[in-house]
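Engineer: Any chance you could fold what I've pasted below:
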Amino acid sequence: MPALRPPRRAGFFMRIAKLLAGAVLAQAGQLHAADVQAGKVKAQACIACHGEQGVSSMQNTPSLAGQPDGFIQWQLVYFRGKTRKDDIMGPIAAALTNADIRDLGAYFSSLSPPPPLTDADPDTPRFARGAKLAQANRCSTCHGETYAGQQAVARIAHQREDYLLKALRDFHQGKRTGGGIAAMPDAVYRLSDEDLQALAHYLARFQ
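Structural biologist: Take a look at the predicted model:
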């Protein structure tokens, strides 16, 4: 009579371990779910630069109100990991935990975005040029038809014009790489500085 083969205990226990690990991760996700109110408290340190309710009045500093949750989180991760470098944001992000980042993303994404500018456009030819450039370069493919952003892609509609220009120049000069696929440097490297100025002007005043 042939000897009975022992059960494949290694495979069995591996499956159990995977199930347990999945349960632990799911529980951890519940325990550390984003908390908008906690994010509001933590964001008090951001007000000095990014403004009350996340709307910036400081030159070359972005408004964060209404930015997609994923975009806020990834930028903070980039700053923390020094993939994106900034003398001010780097040290701040270095002190953030994953829970802090989730809470801040949830809070800023819950705020109303900056309203469209209502004053008369001082440079309508530049606006028209920017509109053509945005269409030709398919900016809406990633940023959405209303340029409100999505997932890890920034909201650029009604952002500060000076900050938009700074960001575009940083991408153009290779100072900033964007996400993993580096879409922004590829999108702007053929453009002139006058083109970048027109894009920033258009997006800041997009209706």
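Engineer: now stretch 172-189, how far from the centre of its chain.
Structural biologist: With C-alpha atoms, centre = their mean, to the nearest Å as the basis, the distance from the averaged C-alpha position of stretch 172-189 to the chain average is 14 Å.
Engineer: first to last residue in that stretch, what's the distance?
Structural biologist: Distance between the two ends of stretch 172-189: 5 Å, counting by C-alpha to C-alpha, to the nearest Å.
Engineer: Tell me which residues are up against that stretch.
Structural biologist: By C-beta atoms under 8 Å, 6 or more residues apart in numbering, the surrounding residues in contact with stretch 172-189 are 74, 83-84, 137, 139, 142, 152, 167-171, 191, 193, 196. For every residue, glycine as well, the C-beta is placed using N, CA and C.
Engineer: at 6 Å instead, please
Structural biologist: Residues from elsewhere that reach stretch 172-189 (C-beta atoms under 6 Å, 6 or more residues apart in numbering): 137, 168, 170-171.
Engineer: swap in stretch 195-206?
Structural biologist: Defining contact as C-beta under 6 Å, 6+ apart, one finds that stretch 195-206 is touched by 117, 121, 126-127, 129-131, 133, 147, 156-157, 161, 164-165, 168.
Engineer: and which of these is nearest residue 50?
Structural biologist: residue 164 (15.2 Å; C-beta to C-beta).
Engineer: Break this structure down into its structural domains.
Structural biologist: With domains defined by automatic domain parsing, the chain comprises 36-110, 124-204.
Engineer: Same list (the ones you listed) but as CSV, adding mean pLDDT and mean neighbour count.
Structural biologist: Rendered in CSV, the data for the domains of the chain read as follows (pLDDT from 0 to 100; neighbours: other C-beta atoms under 10 Å):
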stretch, mean pLDDT, mean neighbour count
domain 36-110, 96, 17
domain 124-204, 94, 17
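Engineer: circling back to that earlier point, show me the contacts of stretch 195-206 that map onto helices.
Structural biologist: 126-127, 129-131, 133, 161, 164-165, 168 (DSSP state H).
Engineer: I'd like those residues as JSON lines, with distance to residue 64 appended.
Structural biologist: Written out in JSON lines, the entries for the ones in helices among the contacts of stretch 195-206 read as follows (distance: C-beta to C-beta, whole Å):
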{"residue": "126", "distance to residue 64": "26"}
{"residue": "127", "distance to residue 64": "25"}
{"residue": "129", "distance to residue 64": "28"}
{"residue": "130", "distance to residue 64": "23"}
{"residue": "131", "distance to residue 64": "25"}
{"residue": "133", "distance to residue 64": "25"}
{"residue": "161", "distance to residue 64": "16"}
{"residue": "164", "distance to residue 64": "14"}
{"residue": "165", "distance to residue 64": "18"}
{"residue": "168", "distance to residue 64": "18"}
